[in-house]
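Student: Compute the structure for the input listed below.
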Amino acid sequence: MTEQRALETAVLGGGCFWCLEAVFQQVQGVHSVVSGYAGGHVDRPSYRAVCTGGTGHAEVVKLQFDPAVIPYRDILQIFFAIHDPTTPNRQGNDVGTQYRSAIFAQTPGQWEIAQAVVAELAAQDIFGAPIVTELVDAADGKVTFWRAEDEHQNYFRDHPAQGYCAFVISPKVAKFRRQFAHRLQG
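Tutor: The predicted model follows:
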């Protein structure tokens, strides 16, 4: 009988959720990736409402991962490598508050790790500009994750030839695969 290990949850926003979903679905130790919304002030937001910017939500992914296989710090290293954390409310041509860079720390430990990783990256000046990633302490349960509509789940996997997938998501996935080959699922 195999031992069941406890999974952890991470909630991250780094532009369009399709991009983050496509990458994290390939990461060893990540058991599930769900696209959704977090950080807003409206219950049960829809994609259409979030896109207006009026709900305050960011497009995010919710990961269930095994910290014995991939530590939270490594999840964040991948996160920072696949999006631009220096552009407020923007990733490439995707513009609006829903595309902000955000980490919704689910535990006090995640909060500490996120602060440390941001401080290390800032000290190294890797991006050549200040990091504007919003760090949200979501450990108190007051930040709700809302699952996005079914058509937004597994988007890259289901529509690889679609224009946005081919020209925006595919290069991010390729960058991840080159930079983190040791983290690819078997």
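
Student: and the longest helix for this structure?
Tutor: In the chain, with assignment by DSSP state H, the single longest helix is helix 108-124.

Student: counting contacts, what elements does the next helix-or-strand element following it pack onto?
Tutor: Going down the chain from helix 108-124, the next helix or strand is strand 134-137, by DSSP states H and E. Applying 3 or more C-beta pairs under 8 Å, 6 or more residues apart in numbering; DSSP states H and E, one finds that strand 134-137 contacts strand 101-105, helix 108-124. C-betas here are computed from N, CA, C, even on glycine.

Student: out of these, deepest packed?
Tutor: For the helices and strands packed on strand 134-137, average neighbour numbers computed from mean count of other C-beta atoms under 10 Å are highest in strand 101-105, which has a mean of 24.

Student: strands paired with it, and their directions?
Tutor: The pairing partners recorded for strand 101-105 under DSSP bridges are strand 8-14 (antiparallel), strand 134-137 (parallel).

Student: what angle separates that strand from helix 108-124?
Tutor: Interaxial angle of strand 101-105 relative to helix 108-124 (axes from the mean of the first three to the mean of the last three C-alpha atoms, to 10 degrees): 150 degrees.
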